[in-house]
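> Structure, please.
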Amino acid sequence: MSVVGRAAHWPGLGNHFCSTVKGWLTPVRSPQSNGMAESFVKTIKRDYVAHMAKLDRETALRNLAIAFEHYNEQHPHSALNYRSPREFRRLAAASI
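Modelled structure (predicted):
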């Protein structure tokens, strides 16, 4: 089931979520791609969603936006030598 398909199971969030998130399929014969997606979802749930207020749809969406910003700007990733994705890209671009 895709991420977009799962959104339908979140009452009050599904319709807006589906209209703002683009779903895609993993490449054929590329099992590591699905593993990366599952790891991302696990990290977001464990490190962010489990600790955030979910009072209503607006609050949930605002908190998700904050979580994604933190994940991309500050959250260290072991695969990126414990840098955030944006920091890793900035350093890669500067070394070219």
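
> so where's the protein uncertain?
1-21 (pLDDT under 70).

> any chance you could map the strands in it?
Assigned by DSSP state E, the strands in the chain number zero.

> can you pull out the helices in it?
3-7, 14-20, 31-47, 57-73, 85-94 (DSSP state H).

> now those helices as JSON lines including distance to residue 79?
The way it works is simple: take the backbone N, C-alpha and C, and place the C-beta from them, glycine included. Converted to JSON lines, the helices of the chain look like this (distance: least, C-beta to C-beta, whole Å):
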{"stretch": "helix 3-7", "distance to residue 79": "21"}
{"stretch": "helix 14-20", "distance to residue 79": "27"}
{"stretch": "helix 31-47", "distance to residue 79": "9"}
{"stretch": "helix 57-73", "distance to residue 79": "14"}
{"stretch": "helix 85-94", "distance to residue 79": "9"}
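
> Kindly reformat those as JSON lines containing mean neighbour count.
What follows is the helices of the chain, written out as JSON lines (neighbours: other C-beta atoms under 10 Å):
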{"stretch": "helix 3-7", "mean neighbour count": "15"}
{"stretch": "helix 14-20", "mean neighbour count": "14"}
{"stretch": "helix 31-47", "mean neighbour count": "12"}
{"stretch": "helix 57-73", "mean neighbour count": "14"}
{"stretch": "helix 85-94", "mean neighbour count": "12"}
